[in-house]
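Undergrad: Predicted model and sequence follow; I will ask about them next.
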Amino acid sequence: MDANEIIKQAPDLLKGGAAIAGALKFTDIIKAILGPATAEIADRFRDEVRRYRYGRQLDCLRKAEEMAKRAGFTPKAVPIKLLFPLLEGASLEESEDLHTMWAALLANSSKAPEQPIVRIGFLDVLKHISKDSALLLNAIWKEVKQGLDFERSMGALPNPTNLLFVGEFTDVLRMYVALGVTTIGDEKKMATLAKVELGKVVLGDLKQFWTCVDELMREDILVYRIETERLDRMKGKERVDVENYYLTVFGIEFLRLCSPPGEIQL
């Protein structure tokens, strides 16, 4: 992928900006206020949308270029089927975290375009998830990666075709609270919530958390299983049902390819 060549193509993608601006219909009252300047103001709005989206596309290209340089590979042309939707998605993204994930997908798409490692479905996920979902995924991926690195240090070879264990409900809740995007914040309060039996948790402050988790499960990134574990491993008598969360195979690949090339190896 030659960044200059892609930039030449970028203006074609900006046609969508006019459609967005066109949706900004002026009422009769507003038209009366603007008078003869109505058309000029409408064009100004369209220009602002074009400039914004074009700038976000260029930022995405620069990020992808930097990722390719750090990974030490020569980019190749990204298939149009992926290129246009990638730049389109990046042009509408306000969250810098999600925008960087778009750039990583673009960089990975340019690494081996003859091998379709980046699936169109990954773009759909990135379009649909919210900022807190993306932040939680990054936190989950960081912990999972640490676990994989530890396994490798012990001589074990992780199997990428299996689900990857994330943690229990309280582990996922802890990661979410640490993001600082919810009102749960109070550590004592969180500890109290974590001790409540799963079936009796009152939503309240957890509503945002559950919505985030449900969103990730809807996108087939995260799954949970109710599994029986020993409560006292020494005595081996008492058992308890635990809600364990896992990354799906689809989720693993999604997160791997939303990370800079060469950063994650499975």
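TA: Nice, thanks for sending it over.

Undergrad: Could you tell me which ranges of this structure sit under the pLDDT cut-off?
TA: Low-confidence segments of the chain, defined by pLDDT under 70, are located at 1-38, 40-47, 112-116, 147, 149-161, 182-205, 229-239, 263-266.

Undergrad: which residues touch G262?
TA: By Cβ atoms under 8 Å, 6 or more residues apart in numbering, G262 lies in contact with 70-73. For every residue, glycine as well, the C-beta is placed using N, CA and C.

Undergrad: following whatever helix or strand K63 lives in, which helix or strand shows up next?
TA: K63 belongs to helix 38-71 when elements are defined using DSSP states H and E. Scanning forward in sequence from helix 38-71 by DSSP H and E, the next helix or strand is helix 80-91.

Undergrad: Give the other helices and strands that that following helix contacts.
TA: Applying 3 or more Cβ pairs under 8 Å, 6 or more residues apart in numbering; DSSP states H and E, one finds that helix 80-91 contacts helix 3-13, helix 15-22, helix 38-71, helix 96-111, helix 120-128.

Undergrad: Repeat the analysis, applying 6 Å as the threshold.
TA: For helix 80-91, the elements it packs on are helix 38-71, helix 96-111, helix 120-128, judged by 3 or more Cβ pairs under 6 Å, 6 or more residues apart in numbering; DSSP states H and E.

Undergrad: What residues of the helix or strand just after the shortest one count as buried?
TA: Beyond helix 120-128 in the direction of the C-terminus, DSSP H and E gives the next helix or strand as helix 131-153. For helix 131-153, the neighbour count (16 or more other Cβ atoms under 10 Å) marks 131-141, 144-145, 148 as buried.

Undergrad: And this structure, what are its domain boundaries?
TA: Per automatic domain parsing, the domain ranges recorded for the chain read 3-118, 133-253.

Undergrad: Give me the distance between the two termini of the last one.
TA: It stands for domain 133-253. One end of domain 133-253 sits 16 Å from the other (Cα to Cα, to the nearest Å).

Undergrad: returning to that earlier point: Throw the contacts of G262 into JSON lines and include neighbour count, thanks.
TA: Shown next, in JSON lines, are the contacts of G262 (neighbours: other Cβ atoms under 10 Å):
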{"residue": "R70", "neighbour count": "13"}
{"residue": "A71", "neighbour count": "15"}
{"residue": "G72", "neighbour count": "8"}
{"residue": "F73", "neighbour count": "15"}
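
Undergrad: need those residues in a markdown table with distance to E215, can you?
TA: Converted to a markdown table, these look like this (distance: Cβ to Cβ, whole Å):
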| residue | distance to E215 |
| --- | --- |
| R70 | 31 |
| A71 | 30 |
| G72 | 35 |
| F73 | 33 |
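
Undergrad: Relative to F84, which of those residues is nearest.
TA: Within the set of the contacts of G262, F73 lies nearest F84; the separation is 22.5 Å, counting by Cβ to Cβ.

Undergrad: Apart from its neighbours in sequence, what residue is nearest that closest one?
TA: Closest residue to F73 in three dimensions, ignoring its sequence neighbours and counting by Cβ to Cβ, 6 or more residues apart in numbering: K111, at 5.8 Å.

Undergrad: Brilliant, that's me finished.
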